[in-house]
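Participant: Starting from these lines, generate the structure:
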Amino acid sequence: MAPPVVPAVFHLRRARDLIDRHFAEPLDLDAMATAAGFSRYHFARGFKEAYGETPGQYLTRRRVERAQDLLRSANLTVTEICHLVGFSSLGSFSSTFARLVGASPTEYRRVHVARGAAMVPGCFAMAWGRPGGGTGSGGTGSGGTAIGEKPDGGTPA
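Facilitator: Numbers count the residues shown, from 1 in each chain. I've put the predicted structure just below:
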């Protein structure tokens, strides 16, 4: 009996999930293609066909979306946010952000702060964004939970 045929989009979704999880890290086409199990050229063509944008465009858009969240809610400088979301150059971050959003990062923040958006302290946002730094990443040192689990003895850790 032949193994079931798995649609290509299933494999492409693995690469898209990799981008979603590791958008702040340097990702190249080879790493994304490896996650999908394709050659880099087959992957790039298939990704664009399936999702309507190239893997690089998708990665950039995810980084800008995360930057928008941080600009609305975190008390961090634009430069700190630029590096937290995976850009290495403030100039390329600002121009890309303005092209995709229609406003500079500073202007975007000003508009949302004027609406009364609450700001998260920068130290918390920086620790949360660091791999293994927030409870969402499982890096609390207590088994991945926000509150230390009780050992077998029944007393808190």
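Participant: Could you check how far the longest helix anywhere in the chain is from the centre of its chain?
Facilitator: Criterion DSSP state H: the longest helix present in the chain is helix 55-73. Relative to the centre of its chain, helix 55-73 is centred 7 Å away, using CA atoms, centre = their mean, to the nearest Å.
Participant: Check which helices and strands the very next helix or strand once past that helix sits against.
Facilitator: Sequence order places strand 74-75 as the next helix or strand after helix 55-73, per DSSP states H and E. Secondary-structure packing of strand 74-75 (3 or more CB pairs under 8 Å, 6 or more residues apart in numbering; DSSP states H and E): strand 120-121, helix 122-129. Where C-beta positions appear, they are placed from N, C-alpha and C, glycine not excepted.
Participant: rerun at 10 Å
Facilitator: helix 78-84, strand 120-121, helix 122-129 (3 or more CB pairs under 10 Å, 6 or more residues apart in numbering; DSSP states H and E).
Participant: Count the neighbours of G46 for me.
Facilitator: Using other CB atoms under 10 Å, G46 has 19 other residues around it.
Participant: Any chance you could give me the helix or strand hosting it in CSV, C-alpha atoms only?
Facilitator: Per DSSP H and E: G46 is located in helix 40-51. What follows is helix 40-51, C-alpha atoms only, in CSV (Å, rounded to 0.1, in the frame of the first residue of the first chain):
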residue,chain,number,x,y,z
ARG,A,40,15.5,26.7,-2.3
TYR,A,41,14.2,27.5,-5.8
HIS,A,42,11.2,25.1,-5.6
PHE,A,43,10.4,26.5,-2.1
ALA,A,44,10.5,30.1,-3.2
ARG,A,45,8.2,29.4,-6.2
GLY,A,46,5.8,27.3,-4.2
PHE,A,47,5.6,29.7,-1.2
LYS,A,48,4.7,32.6,-3.5
GLU,A,49,2.1,30.5,-5.3
ALA,A,50,0.6,29.3,-2.0
TYR,A,51,0.7,32.6,0.0
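Participant: Can you check what angle separates it from helix 55-73?
Facilitator: 60 degrees (axes from the mean of the first three to the mean of the last three CA atoms, to 10 degrees).
Participant: So for helix 40-51, mean pLDDT?
Facilitator: Mean pLDDT, computed over helix 40-51, is 94.
Participant: Tell me the buried residues in that helix?
Facilitator: In terms of neighbour count (16 or more other CB atoms under 10 Å), helix 40-51 has its buried residues at R40, F43, A44, G46, F47, Y51.
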